[in-house]
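Trainee: how would this look folded up:
(4 chains)
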4 protein chains.
Amino acid sequence: MENKIRKIGVFTSGGDAPGMNAAIRAVVRACTYYKKDCFGIVRGYEGMIEGDIVKLGARSVGNIIQRGGTILKSARSKAFRTPEGRKEAYENLMREGIDALVAIGGDGTFTGLHKFYEEYKIPSVCIPGTIDNDLPGTDYTIGYDTATNTAVEAIDRIRDTALSHNRLFFVEVMGRNSGYIAINSGIAGGATAIIIPEENMSFDDLYNLLGADKETNKKSNLVVVAEGSKIGDANTLAKMVAERSSYFDIKVTILGHLQRGGAPTYFDRVLASRMGIAAVEGLLAGQNDVMVGVKDNKIVYNDFNTIMANKHHEIDSESLRIAKILSI
Amino acid sequence: MENKIRKIGVFTSGGDAPGMNAAIRAVVRACTYYKKDCFGIVRGYEGMIEGDIVKLGARSVGNIIQRGGTILKSARSKAFRTPEGRKEAYENLMREGIDALVAIGGDGTFTGLHKFYEEYKIPSVCIPGTIDNDLPGTDYTIGYDTATNTAVEAIDRIRDTALSHNRLFFVEVMGRNSGYIAINSGIAGGATAIIIPEENMSFDDLYNLLGADKETNKKSNLVVVAEGSKIGDANTLAKMVAERSSYFDIKVTILGHLQRGGAPTYFDRVLASRMGIAAVEGLLAGQNDVMVGVKDNKIVYNDFNTIMANKHHEIDSESLRIAKILSI
Amino acid sequence: MENKIRKIGVFTSGGDAPGMNAAIRAVVRACTYYKKDCFGIVRGYEGMIEGDIVKLGARSVGNIIQRGGTILKSARSKAFRTPEGRKEAYENLMREGIDALVAIGGDGTFTGLHKFYEEYKIPSVCIPGTIDNDLPGTDYTIGYDTATNTAVEAIDRIRDTALSHNRLFFVEVMGRNSGYIAINSGIAGGATAIIIPEENMSFDDLYNLLGADKETNKKSNLVVVAEGSKIGDANTLAKMVAERSSYFDIKVTILGHLQRGGAPTYFDRVLASRMGIAAVEGLLAGQNDVMVGVKDNKIVYNDFNTIMANKHHEIDSESLRIAKILSI
Amino acid sequence: MENKIRKIGVFTSGGDAPGMNAAIRAVVRACTYYKKDCFGIVRGYEGMIEGDIVKLGARSVGNIIQRGGTILKSARSKAFRTPEGRKEAYENLMREGIDALVAIGGDGTFTGLHKFYEEYKIPSVCIPGTIDNDLPGTDYTIGYDTATNTAVEAIDRIRDTALSHNRLFFVEVMGRNSGYIAINSGIAGGATAIIIPEENMSFDDLYNLLGADKETNKKSNLVVVAEGSKIGDANTLAKMVAERSSYFDIKVTILGHLQRGGAPTYFDRVLASRMGIAAVEGLLAGQNDVMVGVKDNKIVYNDFNTIMANKHHEIDSESLRIAKILSI
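Mentor: Okay, the predicted model is just below:
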């Protein structure tokens, strides 16, 4: 198998994440190292269908390891969900002689890649690149460490104001259906309460935790709310507290898209570098239709079904216990 | 006059701003230098009324120059707007022997201080501490430099995502009725358009600037919107563009309170240090009912009426012209 | 055993590391949670001997999770190496009724604690707090993640200049005898070569890697040198290259102590929080003379001999392989 | 005159400074705005001699406003100091039809440009780009604000360690013969003493300021030393204190080249943008052999002799006075 692969295509798909460029760089340089050609496919599946493909050499990816976003750009593609779209994509790859693929993205990206593999049997490996850290099969996804640090820096700033004014702040962080960014930025940000989709905290629990019924508790407090909260988003929860208690001066901040960008941390750059190399080495060793992961600090390859069966990266119950002790 | 003042009270009031601690430190150390006693009044006028006053020495303000927020806390006080409230405040000051005041805050703070001076003739100087840079009589207010840099860092992160996805982003920044943070974070962030209250840009102007009617302009764009925008806030403008044009993938981020906190820049620390010393030296030289300012890099003292007659720090028309040339 | 412990003393010792305050906070709050008294011992073993001990409650450690350094201060103590010194320390602890200890520091700290345990049998747990990540028994020490990010940010800045001038930069990073910070900041910083004490790279290897004998390679390059380098420090290596090759414009930067400070990353705050709680829970569960660690994301307790037998946290050979591929 | 200029060449020369890219961008876009062609000359005078010249359009300078360093690269050129070198440079410019020049750099750059102007009468404007802020004729040079903030961030980190260990730190900052970065990073960093070339502070003064002869003053202290110090560099001063006093645990950090890089602050981006536009508008309005400056927030054009007669940007004596009061 190894000898057959000669030209590897790499692309990013889905939401961008800091470290994607480090992963692209690693894929390209691993190709150079193993004397394979490497091609960048621009704007993910969309560019694959449109034939927007460029040759990449070791020097093309110089000075990008520290940049947020993705130099290959990303897009969501409706056309790739149709057989006609995928056919066109396949033909474009064949025209360039690309005989293996590395995709960098989340579960949507992997699902598309799996479908494509089933139909066209082109060897392919997915690298988990998403700030949400919501994929099983890997302890960390690329971008999660940076996004959590960005959230914590923002929370640190907000706490300055909370403390100066004895205010209650609700801060909403990203993560889609996962509470990973929330639980860890909450612990690191010294939050009084953390609302995540994985835990069954009722509004009453939150209300009690805030001591919202006692005047003596009119102090500064910070609540971190995961985007996927099942008991209401930050604005809703703030309104609910305000309706029931008059002891607080309440403010809300939705961190939003600034969590996606910025220079990646060392952790995300090294993780992305390892995964990029592992993707190429996996392909050369015969891996197909798998997602690279890092478990207990070791590279693993997960097949599609294992990932999709779980579809969620569970949060350690330890984290919840710790958060509770620390907010005493 | 100089010899009469013996005990100076210092407090922060209104919204917190990075650099307030550096100003407090400078006031306290200038008092030590000139052998005057210094007292911190906690939570502004509210603490003045409640008698929440602490003695401060040169060592009490060690290791705070780099901290956001205000160690003296801040609050808005309804009671101070009543004659009874101010009487109580005055009596508390007298009890401690405080015979001069330094207030750090915005126009609301200065207005309260002026009223108090008219009634009780206690020598008082105001230091402009607000991120909005909305006060005449000074080229810069404390906190503005830091807040603008915080906004620019956030915009830099957002641009990573905008570029990766060819998206149109509306980013709303703070500033109340002033467009200062917006115009400068917009120029520095490479915005395509900047919406500020001081300029008469219509929605149609914005729409044309974005090239929203041409498919060829479906590229990444960034619009910075001042909080005080007169043609709609970020969400409204985004909705209006989306309704009229189908060429954009539009996202909105409201930066919010994270702009208020964080370690101050060197500029805000030095500005706050200069103003804190100038406030004490002004008092000792007989200044009353004035606001310290820095004009053309020189310390000035502005009387209350001059500040309130203008009530706005105008934006140089140069800035608008520059923004236009750069977004070509 | 659990029921016997009533008063826990906590202290920091050796070089300071970002996250130490988060660990102190976690120890204090875990004590509150388990209804134990907590005492802070100032300046490590030195303060133990001098009886510099303060009561700490849950509120004493508010707003410190984000601060670098250690609020309990740290010191190296010669007196504690003498039996008399340790006797005095013990008597001071007894006077306060302190019946268990949590030390936060590196191998020197643990060695002192072990000696003390052997003599006085006071239950004690060590938390690994050092930027060097040089301890076996834990995948990460507190402060390492932050220090590596600080090094990478500095390298990013230096690379701007290196690229602008086509220069060769030697950047020396901390780590004592360990190459951890160097290898990971080197990979993340896109270094051409990384010199660590764990690897046998000769000067000739380095010279060849730089392509120093060919004019065509007169491009910008970055070499990261670990403090513990066995083939010469950054200045020496720079001089050696300059003597043999005239193709480079060479500069040297020793990052130095700025790597120790700064707000800890989310990772170090969460790690420190987990370890702080685990130290208290370990003591209550009967652990003695052990060091807390996190292996494969799970809390472990290592006895003294296991740690001291190895005395080094080995660097994964994978890292070296990856660094080589990436610098192609 | 205005109508005659059709093609403007822009280049960076001397040490790189954050904000140079923002200046390049502004020059290019102002050219587009005024319908002039713009050419980038790579590696300053060196590239001018070698004919390394590229056409630049408004889109060529997208997404660079936030980047440190210079995309046009910089170099010091010996050849340009010879008549032959300048002749070759002139011929290359003529070949491209370049009939005006914008140089971004320090006094060396301006000197070269002046010589060139005298010989070949090619209209030329210099933009002050240097972190040193050592040029008369402008309140601020491009890069100074960023470099000072970088120094202050480093000092903040170092202070964490200084406070944790009660240490005395000597921190050396850049600035060549100017004390600007030192005095302002010293004030903002809360330094006990600041050594700059512009002030006559003796070693004895420093020694007394540190209270080095009294055991009671064995506390943490920070001394900021300008690169151009006339009483010894940081290492020398540290050694001198150590020889005379045994009360300190002394460490030294030389910040070095990391002060040159990094994303520019909003201030430097806006300053660079204004100056870039002013350079082009100046050329079109007939300015020759001048340096753009900003005095009291207004654009000015300084002729060569005015700049070179002073050759130094004096430090306000106020700064020294303030530093003294604050370190009480």
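
Trainee: what packs against the helix or strand hosting A:V152?
Mentor: Assessed by DSSP states H and E, A:V152 sits inside helix A:144-165. Packed against helix A:144-165, as judged by 3 or more CB pairs under 8 Å, 6 or more residues apart in numbering or on different chains; DSSP states H and E, are the following elements: strand A:168-173, helix A:180-188, strand A:221-226, helix A:266-284, helix C:266-284. (C-beta placed from N, C-alpha, C; glycine too.)

Trainee: out of the ones you listed, the one nearest A:H312 is which?
Mentor: Taking CB to CB as the criterion, helix A:180-188 is the member of those that comes nearest to A:H312, at 10.3 Å.

Trainee: quick check, the closest one touching chain B?
Mentor: No - judged by CB under 8 Å from any CB of the partner chain, helix A:180-188 and chain B are separated, with a smallest distance of 12.7 Å.

Trainee: thinking again about what came up before, would you mind finding the most buried of the helices and strands packed on helix A:144-165?
Mentor: Between these, helix A:180-188 has the highest mean count of neighbours, a mean of 29, where neighbours are mean count of other CB atoms under 10 Å in any protein chain shown.

Trainee: residues contacting the closest residue to A:I231 other than its chain neighbours?
Mentor: Closest residue to A:I231 apart from its sequence neighbours, by CB to CB, 6 or more residues apart in numbering or on different chains: A:F203 at 5.4 Å. Applying CB atoms under 8 Å, 6 or more residues apart in numbering or on different chains, we find A:F203 in contact with A:I231, A:G232, A:L237, A:M240.

Trainee: re the thing from before, can you state the direction angle for the helix holding A:V152 and helix C:144-165?
Mentor: Here helix A:144-165 runs at 110 degrees with respect to helix C:144-165, directions being taken by axes from the mean of the first three to the mean of the last three CA atoms, to 10 degrees.

Trainee: what is the mean pLDDT for helix A:144-165?
Mentor: Looking at helix A:144-165 alone, the average pLDDT works out to 97.

Trainee: near chain C, which residues of the stretch 201-328 of chain A?
Mentor: For the stretch 201-328 of chain A, the residues in contact with chain C under the definition CB under 8 Å from any CB are A:263, A:265-267, A:269-270, A:273-274, A:277, A:296-297, A:316, A:318, A:322, A:325-326, A:328.

Trainee: what's the distance between whatever residue of the stretch 101-250 of chain A ends up closest to chain C and C:I299?
Mentor: The shortest separation between the stretch 101-250 of chain A and chain C is 3.9 Å, found at A:A188 (distances taken as CB to the nearest CB). Here A:A188 is placed at a distance of 18 Å from C:I299 (CB to CB, to the nearest Å).

Trainee: repeat for A:R76
Mentor: With the distance defined as CB to CB, A:R76 ends up 41 Å from C:I299.

Trainee: ok, A:G143 next?
Mentor: 27 Å.

Trainee: same question for A:G186.
Mentor: Look at A:G186 and C:I299: by CB to CB, they are 20 Å apart.

Trainee: likewise A:I183?
Mentor: Remark: distance between A:I183 and C:I299 (CB to CB) = 17 Å.

Trainee: pLDDT score for A:Y180?
Mentor: What the model reports for A:Y180 is a pLDDT of 97.

Trainee: try A:A212
Mentor: Per-residue confidence for A:A212 comes out at a pLDDT of 66.

Trainee: out of the helices and strands packed on helix A:144-165, which is closest to A:A151?
Mentor: Each of those was scored for nearness to A:A151 using CB to CB, and the closest is helix A:180-188 (3.9 Å).
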